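Chemist: Quick one, what's the 3D model for this:
(one chain, ligands or ions: 1)
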Amino acid sequence: MKAIVFEQFGDASVLEVKDIDQPELGENEVVVDVRAAAINPLDVKIRAGYLAHMTGSDFPMVTGGDFAGVVSSVGPGVSNTKVGDEVFGSVNIAFKGGALAQKVVTNEAHIAPKPQKLNFEQACSFITVALTAYQALHDYVDIKADEYILINGASSNVGRFAVQFAKQMGLNIAASSSAEHLPLVESLGAQKVFNYKEASAVDLEQKFDVILDVAGTFQAIEQVSSLLNDDGRFITAVPNPELMKSGRCAIVMKKPSGAQLRIFTELLNNGELVLPDITSFRLSEVSDAHTLLEAGTFYGKIVLTNDL
Ligand SMILES: NC(=O)c1ccc[n+]([C@@H]2O[C@H](COP(=O)([O-])OP(=O)(O)OC[C@H]3O[C@@H](n4cnc5c(N)ncnc54)[C@H](OP(=O)(O)O)[C@@H]3O)[C@@H](O)[C@H]2O)c1
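Modeler: So this is what the prediction gives:
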C-alpha cells in the first residue's frame with residue numbers, strides 16, 4: 001500500500017509517498033481504508049526527531065495519528081465492527097504508525113462509528129485535540145463542579161475543547177488567548193479572559209483549584225505555585241524534563257479511546273460541541289501541510305483527503 005513516510009528525521013521535505021507493506025492484522029484489530037486524516041503538532045515533533053526517545057528510529061516511519069474511513073477487514077476477536085462500517089479513530093503514533101496511508105491498522109477499542117452528521121474530513125479533524133482535552137480534565141486529577149480553573153492557551157485546538165468540556169463540568173473558567181480569539185473563547189464558555197500578549201495570569205489576582213496548560217508557557221512548577229490554592233492541581237499537555245522531575249504536575253499523554261469518541265458524538269448530536277474550522281490539503285501535499293502547521297501562523301485544523 002502507499003503511505004506517507006520519512007526515512008530520516010528532518011524538515012517537511014523528508015516526507016514522501018512510498019509503497020510499504022500493510023501492517024499485519026492482529027487480534028482485536030481492524031483495517032480501515034483511510035478517506036481523510038488530520039495532522040497535529042505532535043506529528044511535526046515526531047518528524048523532526050524531537051521525540052526520538054519515544055519513537056525510536058526504525059525507518060521508514062509512517063506518520064499521522066487521526067483518521068476517518070471505512071473498515072475493510074477485521075481480525076480475530078473483533079465483535080462490534082464489521083466490514084463497510086464508517087468509523088473515525090486514532091493510532092498511538094508514538095509506538096505504531098500511522099494514519100497517513102491508504103490503510104491503517106488499529107485496535108477496535110480505538111475507533112467509533114463516524115458521526116452521521118459529519119463527513120470524513122470533519123470527523124478526523126478533532127480526534128486528538130478533543131481526546132487530549134477530555135482526558136486532561138477527566139483522567140488525571142479529581143475536579144469537582146464549581147471549582148475555578150485557568151486554561152492557558154484556550155484558543156489552541158486542544159484549549160478550545162478544554163473550555164467546552166470544563167463548561168460541561170460546571171467549572172468557573174478563566175482563559176488566555178490572543179486578543180483576536182478572546183470572543184471565541186468567551187463564546188465557548190470562559191467567564192474571565194485575558195490577552196496573553198499584554199497580561200499574565202498573575203494580573204487576574206486570583207487563585208485557582210486547577211490550572212491546565214496547553215500553551216506550554218508554564219515551564220517550571222514555581223511559575224504556577226503562587227497561582228494555585230493549597231490543594232490546587234496543575235495539569236500540562238506540554239511537559240519538559242524539569243516538570244516531569246518535579247512530581248508535582250499531572251502530565252497528559254493522550255491515549256486513543258473509542259469510548260470517548262462515542263461521548264463526543266453524543267455531544268455533537270446534542271449541539272453541545274463546536275468543531276474547529278478546517279483547511280484541506282491532499283495527502284500527496286503533506287509536506288506543504290506540515291510546513292504551514294509549523295510556521296506557527298496557521299489557525300484551525302489541517303485535514304488531508306486521501307489521493308494516494
Ligand atoms: N500531551 C499530549 O498528549 C498532547 C496531545 C495533543 C497536543 N499536545 C500539545 O499541546 C499543544 C497544543 O496543541 P494544539 O493542537 O492545540 O496546538 P495549536 O492549535 O496549533 O495551538 C496554537 C495556538 O496556541 C496559542 N498560543 C500560542 N502561544 C500562546 C501563549 N503564550 N499563551 C496562550 N496561548 C498561546 C495560539 O493562540 P492565538 O492564536 O489565540 O494566539 C495558537 O493559535 C502542542 O504543544 C501539542 O504538541 C499534547
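Chemist: Keeping just the C-alphas, turn stretch 123-135 into PDB.
Modeler: The C-alpha trace of stretch 123-135 is given here as PDB (Å, rounded to 0.1, in the frame of the first residue of the first chain):
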ATOM      1  CA  ALA A 123     -14.800  13.600  11.600                       C
ATOM      2  CA  CYS A 124     -11.000  13.200  11.600                       C
ATOM      3  CA  SER A 125     -10.400  16.900  12.400                       C
ATOM      4  CA  PHE A 126     -10.800  16.900  16.100                       C
ATOM      5  CA  ILE A 127      -9.900  13.500  17.400                       C
ATOM      6  CA  THR A 128      -6.500  14.000  19.100                       C
ATOM      7  CA  VAL A 129      -7.300  17.500  20.300                       C
ATOM      8  CA  ALA A 130     -10.600  16.600  21.800                       C
ATOM      9  CA  LEU A 131      -9.300  13.400  23.400                       C
ATOM     10  CA  THR A 132      -6.400  15.300  24.900                       C
ATOM     11  CA  ALA A 133      -8.700  18.000  26.400                       C
ATOM     12  CA  TYR A 134     -11.200  15.400  27.700                       C
ATOM     13  CA  GLN A 135      -8.500  13.200  29.300                       C
END
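Chemist: is that stretch up against the ligand anywhere?
Modeler: Yes: with Cβ under 6 Å from any ligand atom as the criterion, the ligand is reached by stretch 123-135 at 128-129, 132. Where C-beta positions appear, they are placed from N, C-alpha and C, glycine not excepted.
Chemist: helix or strand for L212, which one?
Modeler: Counting by DSSP states H and E, the element that carries L212 is strand 208-213.
Chemist: What pairs with that strand, parallel or antiparallel?
Modeler: With DSSP bridges as the test, strand 208-213 is paired with strand 148-152 (parallel), strand 228-236 (parallel).
Chemist: what pLDDT, on average, does the shortest one get?
Modeler: Model confidence over strand 148-152 averages 98 on the pLDDT scale.
Chemist: Skipping adjacent residues, who's closest to K197 in space?
Modeler: S178 (6.1 Å; Cβ to Cβ, 6 or more residues apart in numbering).
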